[in-house]
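1. Build me a structure from this.
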Amino acid sequence: MQGLRAAPPAAFLLLLLRPLLLAAAAPGAERELNPSSRLVAGAARVALHYLNFQAASPGALLALGQVRKATLKSIPDSGHKYYLQFTTEDYKSGENAGSCLATVLYPKTKSTPVVTIKCMHTKDQKQIEEEDNRLYQKIRHQTKPIIGNNIPDSYGNIEPALEPVWALAVAGSSYIMWEKSTENLGYFMAQVKSVKQWIRKDDFTEFDYTVLLHEIPTQEIVSCHMRLTWLPGHPLKVKYFCASDNQGLQDGSGMESGSAAGILNERGANF
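-> Below you'll find the model as predicted:
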């Protein structure tokens, strides 16, 4: 008889976390979903948007691999809650990066999805920290502020010197995509239209971006201005405004679970 040591990582993770993920205060039976459906894939990507932003680590960026199992519970007075088990890929290389369990609640009274996610990674934390530090040092040792446009270009290529700002744009825009996602609308990061680095006197790096998000299933391209501040080992700070938003600048930090509207009273406030 095999013990827990012989159990596959995903199965072992499921065994540990299943009771936590299935706990719900409101009654309602779970319904099995087709793992390949658009709504299921959208919910899994929302969970990864949340994770990528909270990780605040370009070296830890994850993309969706394959959804293995999905169920849905309709919770009265709360909303639809998805229970998901899926694999992940390294955002840059596309290689297998592990597996995750997540719940995604689309609340009836709050637009931002509520996410709980736990993952088993193939890349260890030390490797991620080393990769982040290399990227950070590459940015800090620039002799001039980084300025770039159309990343990637029309052929899908990214200049090596611009790879750090692209990775940071993915991490920062993950906050925007998580906050803007709904049960029926999802987002992909399409392109950095422009980026400009601000020189700071402290250790933080700071950039102004214009990013293009691909909206699914409408196929519309949403343009967002984003101010991003980053230092390895610290929460990512993001302020943004999208062309389709009829509200003030949105403010997010890795220490927060949501956002608050506000006005950015500092240089570059109007981008």
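2. can you confirm residue 53 is in a helix?
-> Yes - counting by DSSP: H, G, I helix; E, B strand; the rest coil, residue 53 is part of a helix.
3. wait, isn't it in contact with residue 168?
-> No - using CB atoms under 8 Å as the test, residue 53 is too far from residue 168 to be in contact (11.5 Å). In short, each C-beta sits where N, CA and C put it, glycine included.
4. which residues of the stretch 1-150 of the chain fall in strands?
-> All strands of the stretch 1-150 of the chain, identified by DSSP state E, counting those that start in this stretch, fall at 31-32, 62-75, 79-90, 96-107, 114-121, 147-151.
5. who's in contact with the closest residue to residue 65 other than its chain neighbours?
-> Nearest residue to residue 65, sequence neighbours excluded (CB to CB, 6 or more residues apart in numbering): residue 87, at 3.5 Å. Neighbouring residues of residue 87 by CB atoms under 8 Å, 6 or more residues apart in numbering: 10, 65, 66, 68, 96, 97, 98, 99, 100.
6. Check residue 89 too.
-> Applying CB under 8 Å, 6+ apart to residue 89 gives the contacts 62, 63, 64, 65, 95, 96, 97.
7. nearest to residue 234, of these?
-> Nearest to residue 234, judged by CB to CB, of the contacts of residue 89 is residue 62 at 19.8 Å.
8. what's across from that closest one in the sheet?
-> Taking DSSP bridges as the rule, residue 62 bridges to residue 90.
9. Tally up the residues packed near it, please.
-> For residue 62, the count of nearby residues is 23 (other CB atoms under 10 Å).
10. Could you measure from it over to residue 169?
-> 16 Å (CB to CB, to the nearest Å).
11. in the stretch 151-271 of the chain, which ranges drop under the pLDDT threshold?
-> Counting by pLDDT under 70, the stretch 151-271 of the chain contains low-confidence ranges at 244-271.
12. where exactly do the helices run in it?
-> Applying DSSP state H, counting those that start in this stretch to the stretch 151-271 of the chain gives helices spanning 163-180.
13. Excluding sequence neighbours, find me the nearest residue to the most centrally placed residue in the chain.
-> Centroid check for the chain by CA atoms, centre = their mean gives residue 49 as the closest residue, at 2.2 Å. Spatial nearest neighbour of residue 49, chain neighbours left out: residue 178 (3.8 Å); criterion: CB to CB, 6+ apart.
14. one step back: tabulate the strands of the stretch 1-150 of the chain (CSV), appending distance to residue 201.
-> Below are those laid out as CSV (distance: least, CB to CB, whole Å):
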stretch, distance to residue 201
strand 31-32, 55
strand 62-75, 33
strand 79-90, 34
strand 96-107, 36
strand 114-121, 35
strand 147-151, 20
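15. To residue 191, which of those lies closest?
-> strand 147-151 (6.6 Å).
16. Return the set of buried residues in that closest one.
-> Across strand 147-151, burial judged by 16 or more other CB atoms under 10 Å covers 148, 151.
17. before we move on, what about stretch 218-238?
-> Using 16+ other CB under 10 Å as the test for burial, stretch 218-238 gives 222, 224-232, 235-238.
18. Cool, thanks, talk later.
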